[in-house]
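Engineer: Just to be clear, the model below is a prediction. Sequence and coordinates:
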Amino acid sequence: NAGVTQTPKFQVLKTGQSMTLQCAQDMNHNSMYWYRQDPGMGLRLIYYSASEGTTDKGEVPNGYNVSRLNKREFSLRLESAAPSQTSVYFCASASGLAGAGYEQYFGPGTRLTVT
Amino acid sequence: AQSVTQLGSHVSVSEGALVLLRCNYSSSVPPYLFWYVQYPNQGLQLLLKYTSAATLVKGINGFEAEFKKSETSFHLTKPSAHMSDAAEYFCAHRDEKLTFGTGTRLTIIP
């Protein structure tokens, strides 16, 4: 099993450009998450999807949109990239919500630089 | 708001020495608590989790953590550090979602 996969691994954007980060999991998990990781700040939740067809905002949703395309795939879109969105982005999935103690499995990350 | 606090953004220990990484949580309800490890240029991997079944939790790679309600702590320990333990470690606390601490970078001195 591949677990959680993310594409691309690296990306450089100019301010104002748009792009979509892709995430897929093959573990039949119900919930999926997008985090950003910045030095000294740990991981911060951007959006999550508790189940297919639902999405909810996390701690830092501004400037992002998400789509839960199906049970396997959860994409993150930057409509107009800004330098403040330079970060490492992680996708994660879990059988259920963190509130029930389910372990989250993480992808390898996408390193995004906005110039 | 529920949160976790990791004391020490950088910790250095000698190879073979005790590893102690500190995590305190704030919660008004019994928590689920997790420790994750991140090796360079990789995603996060679960080390162990506390779900109220036992206060001493054993994880992978020889790590363990003890839940102490009176101290609202969930410190991570390993009796003898190995060079391969060099990584960043995150404590996380559950509510509807996981809330992560800011991380502790562990350096092992040969």
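Structural biologist: Yes, it's here. None of these values were measured; they are calculated from a predicted model.

Engineer: State the distance from the closest residue to chain B within chain A to residue B:108.
Structural biologist: Nearest residue of chain A to chain B (CB to the nearest CB) works out as residue A:106 at 3.6 Å. For the C-beta atoms, the positions are set from N, CA and C on the backbone; glycine is no exception. Look at residue A:106 and residue B:108: by CB to CB, to the nearest Å, they are 23 Å apart.

Engineer: More neighbours: which of these two?
Structural biologist: Each of residue A:106 and residue B:108 has its neighbours counted (other CB atoms under 10 Å in any protein chain shown); residue A:106 has more, 22 against 19.

Engineer: Without its sequence neighbours, what residue ends up closest to that one?
Structural biologist: residue B:43 (3.6 Å; CB to CB, 6 or more residues apart in numbering or on different chains).

Engineer: who's in contact with the residue of chain A closest to chain B?
Structural biologist: A:4, A:90, A:91, A:92, B:36, B:43, B:44, B:45 (CB atoms under 8 Å, 6 or more residues apart in numbering or on different chains).

Engineer: what's the answer for residue B:5, then?
Structural biologist: So residue B:5 contacts B:23, B:24, B:25, B:26, B:101 (CB under 8 Å, 6+ apart).

Engineer: Test my guess that the last one contacts residue A:40.
Structural biologist: I take that to be residue B:101. No: between residue B:101 and residue A:40 there is no contact under CB atoms under 8 Å: 11.1 Å.

Engineer: From residue A:89, how far out is the residue of chain A closest to chain B?
Structural biologist: Counting by CB to CB - residue A:106 and residue A:89 are separated by 11 Å.

Engineer: Cheers, nothing more for now.
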